[in-house]
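K.L.:
Sequence below, structure please.
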Amino acid sequence: MAAARVTPATVDEYISAFPAEIRSILQEVRATIRSAAPEAVEKISYGMPTFALDREIVHFAAFKRHIGLFPPVRDPELLEATIQYRGEKGNLRFPLDQPMPLALIGRIVEARLREISQPSKDAERRAASPASQAPTADTAAGRRRS
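P.N.:
Next comes the predicted model:
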C-alpha cells in the first residue's frame, strides 16, 4: 500500500521536500514572485505554494520535468512571450533542463496584479443591477417593489 501524501502546511515545508537542485530553483521562483508582489501573502492552496493579495495571484509547483505556474496567462502582451511554455490547459511549464525565465515570471506576476486589481465584469454588472441598489423602506420592510 502506498504512503498517503501529506499536504505541506507552509511554502517552506513544500520547498524543503525537494532535492537541493530543485529547492534552489523553487527559491529563485519564490524570490522573483516576492519581488514583483511584495505585499502578497504566501500560503498553500491546492497543495502548491501560492501568493495572494485579496485574491490568489499565482501558484507554482515542481513536477518531474518542469516548474508549473498557474493560472493561465491572459495578458495579451505576454501571450507571445509565454507560448513556448504553455501546457494543454494554458498553464505554464518551465522545463527544469533550461534556465528559469525569472524576468518573464516577474512580468507575469505584475500582469496578474493588474488583472486582479480591476473589478470583474460580473462585479460591475451586480453593482449596476437594480437588485444591488440600497433597499427602500418598502423592501426593507419585506415588501416587493413592482
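K.L.:
switch to C-alpha atoms for all contacts and neighbour counts from now on
P.N.:
Will do.
K.L.:
So for the residue nearest to the spatial centre of the chain, what's the pLDDT?
P.N.:
In the chain, the centroid-proximal residue (C-alpha atoms, centre = their mean) is V58; its distance is 2.0 Å. At V58 the predicted local confidence, pLDDT, stands at 97.
K.L.:
For it, which three-state class applies?
P.N.:
Assigned by DSSP: H, G, I helix; E, B strand; the rest coil, the conformation of V58 is strand.
K.L.:
I figured it was touching M48, is that so?
P.N.:
No: counting by C-alpha atoms under 8 Å, V58 stays clear of M48, with 9.8 Å between them.
K.L.:
Show the contacting residues for I83.
P.N.:
For I83, no residue meets the contact criterion (C-alpha atoms under 8 Å, 6 or more residues apart in numbering).
K.L.:
no wait, V11
P.N.:
E42, K43, I44, M48, P49, T50.
K.L.:
so can I have JSON lines of those residues showing distance to I15, secondary structure and pLDDT?
P.N.:
Shown next, in JSON lines, are the contacts of V11 (distance: C-alpha to C-alpha, whole Å; DSSP: H, G, I helix; E, B strand; the rest coil; pLDDT from 0 to 100):
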{"residue": "E42", "distance to I15": "13", "secondary structure": "strand", "pLDDT": "98"}
{"residue": "K43", "distance to I15": "12", "secondary structure": "strand", "pLDDT": "97"}
{"residue": "I44", "distance to I15": "11", "secondary structure": "strand", "pLDDT": "97"}
{"residue": "M48", "distance to I15": "10", "secondary structure": "strand", "pLDDT": "97"}
{"residue": "P49", "distance to I15": "9", "secondary structure": "strand", "pLDDT": "98"}
{"residue": "T50", "distance to I15": "12", "secondary structure": "strand", "pLDDT": "98"}
